[in-house]
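1. coords please:
(one chain, ligands or ions: 1)
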Amino acid sequence: MKIQEITAAELDTQVFIEEKTKEISSLVGKGLAINALSGGVDSSAVTMLGHKALGDRLKTYFIDNGIMRQDEPQRIVDLFKKLGVTVEIVDAQEKFFQALKGITDPEEKREAITQTFYKDVFGQLVKKSGAKYLLQGTILTDVDETVAGIKRQHNVFEQLGIDPQVAFGYKIIEPLVQLRKDGVRKAAQALGLPESVYNRMPFPGPALSARVIGEVTPEKIKIVRQATVIVEEELSSTKAFQYMAILHQDKVTGIRDGKRDFGLQIELRCWDSIDARKAVPTALSFNTLSGLAQRMVNEVPGVVSVTYNITNKPPSTMEAI
Ligand code: XMP
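-> Predicted coordinates:
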């Protein structure tokens, strides 16, 4: 069935919130639901909508999958505490690294993450809590790109003919599926989320593993996490849609302290975009770029080469895998 899009311009946030709250209440009835909050605008909006509809009957978890950014779990829990929402951290780091072990193909990586989230982690949480529903923040762009076969977004099932009830043992509710990112930001603001959330830069479900080319290991995640801190510090004053650091698989020859150093390559990307369907690289100044490169080689162990992607989407995509 074709999803009826609601554009950001058409969106009446009060009507939308009222309708979706009613829909969630009537679907869940007197039962329980769970949701996973990553701190991104989509899952944050769903968390607020869900709590509006269900109150304490919605249990919200932050899944610490080991592939999130620096200090992310605690930061999100503290922020939502201020908004009156209790979030429980679930330590699933082992499970994700185990599932990713030995996998180099991008789509297989995505599939491993999907299965670990939905079958393993959420499956156990549903059993433990007695919930029958999972609320999640799938948006229309996720569905489009998955159905078009561009990238298997980690959170799309029914449109691929997968019945979550059969595959995982619970039903999925997707209140944001008619919106794109700009619409979700509008709804998130109307739901009382702070600007740091409703204007937050997008971050993919497969997290930093989308930014490691080749096998994902705890060591490589540590490197890309350090590089991410630097990119985010240096580019936070730009108006770019999204920026990121990518760790390449191939090494290159460099020189350090007068000796050969066969080291790591970091690729930087910074995008201007409205809704992530198309994007162009931001025209960063050479000064900004060389400042970034300097910090990368000085602060991230093993890095000897830093490049900037200057290709449009399409044919590039925003994330590297
Ligand atoms: P691409 O790389 O497809 O990214 O041009 C477009 C936007 O989507 C984000 N992205 C994802 N988000 N699950 C998500 O929730 C995913 O699997 C995923 N892959 C990409 C990406 O960060 C960008 O904003």
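
2. Surely K119 and Y170 touch.
-> No - in this structure K119 lies outside contact range of Y170 using CB atoms under 8 Å: 10.7 Å. Any C-beta I mention is one placed from the backbone N, CA and C, and that applies to glycine too.

3. Looking at those two, which has the bigger crowd around it?
-> Summary of the neighbour comparison: K119 and Y170, criterion other CB atoms under 10 Å, with Y170 having more neighbours (19 against 14).

4. Return the residues in contact with that one.
-> Under the criterion of CB atoms under 8 Å, 6 or more residues apart in numbering, the neighbours of Y170 are 122-123, 126, 131-134, 164.

5. Give me the buried entries from the residues you listed.
-> Those of the contacts of Y170 that meet the buried threshold are 122-123, 126, 131-134, 164, by 16 or more other CB atoms under 10 Å.

6. Of those, just say which sits nearest to I17.
-> Nearest to I17 out of those is Y133 (CB to CB; 18.8 Å).

7. Got phi/psi on the closest one?
-> When read as degrees, to the nearest 10, the backbone of Y133 gives phi -130, psi 150.

8. Please apply the same query to L32.
-> Main-chain dihedrals, L32, degrees, to the nearest 10: phi -110, psi 160.

9. and the gap between it and Q165?
-> Per CB to CB, to the nearest Å, L32 is found 16 Å from Q165.

10. Pick out whichever of those two has more residues nearby.
-> The neighbour comparison of L32 against Q165 (other CB under 10 Å) goes to L32, with 17 against 11.

11. Let me know whether the more buried one touches A131 as I believe.
-> Yes - between L32 and A131 there is a contact at 4.1 Å, judged by CB under 8 Å.

12. Spell out which residues are contacts of both of the two.
-> Residues touching both L32 and A131 (CB under 8 Å, 6+ apart): K59.

13. So is stretch 26-38 next to the ligand?
-> No - among the residues of stretch 26-38, none lie within reach of the ligand under CB under 6 Å from any ligand atom; the closest is 8.4 Å away.

14. Buried residues, that stretch. List them.
-> When burial is assessed from 16+ other CB under 10 Å, stretch 26-38 yields the following buried residues: 27-28, 32-38.
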